[in-house]
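K.L.:
I need the structure of the sequence given here:
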Amino acid sequence: MTVKNLWKLPENAAMERTPTIILSEQAPFLAKMTNELIRARVSRRMSGSLIFLSLRVEAPALNHYSVNVLEVQHNFLKPFPSHVRSSVDGTREDVESEEELVNVVKRILESEEMQKLLSSLLRESLMQSPGKDSSK
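P.N.:
Numbers count the residues shown, from 1 in each chain. Reported below is the predicted structural model:
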């Protein structure tokens, strides 16, 4: 008797851009734009049927000081709707689609509060970079 494969994989599973993918795509841009002075990191944890994502900004020159920029929470089985919360600009919003999530993340990352945070981190990091005398 021949054993048959009864599995069927979903056709579009690899094509779907989840919140994890969207945030992970953005993380490398910050390091590139700042010559590695500031980095963005995405972390993920699961609890039951929920996924919790965090996007943190880190300044390696400042003893790896980091700030949680935003969090996204969604159900493991379906990425949308998702709940977005930002400690930088106070955003608390439910998003129903990839497009809505991209728009909310863009708004947070371009916000005046985020610009102030990045400016401070860059300024302080430059003061601590090798070759700088931080006592001046």
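
K.L.:
Geometric centre of the protein: which residue is closest?
P.N.:
residue 55 (3.1 Å; CA atoms, centre = their mean).

K.L.:
What segments of the protein are strands?
P.N.:
39-47, 50-59, 65-75, 78-86, 92-95 (DSSP state E).

K.L.:
buried sites along the biggest helix by length in the chain?
P.N.:
The residue-count maximum for a helix in the chain (DSSP state H) belongs to helix 112-128. Buried residues in helix 112-128, counting neighbours by 16 or more other CB atoms under 10 Å, are found at 114, 117, 118, 121, 122, 124, 125. Quick note: C-beta positions are derived from backbone N, CA and C, even for glycine.

K.L.:
and if you look at stretch 22-41?
P.N.:
22, 23, 24, 26, 30, 31, 34, 37, 38, 39, 40, 41.

K.L.:
Same check on stretch 53-64?
P.N.:
Buried residues in stretch 53-64, counted by 16+ other CB under 10 Å: 53, 54, 55, 56, 57, 58, 59, 60, 61.

K.L.:
Please list the outside residues in contact with it.
P.N.:
Here stretch 53-64 makes contact (CB atoms under 8 Å, 6 or more residues apart in numbering) with 19-20, 23, 26-27, 30, 36-44, 65-73, 117-118, 121, 124-125, 128-129.

K.L.:
Thank you, goodbye.
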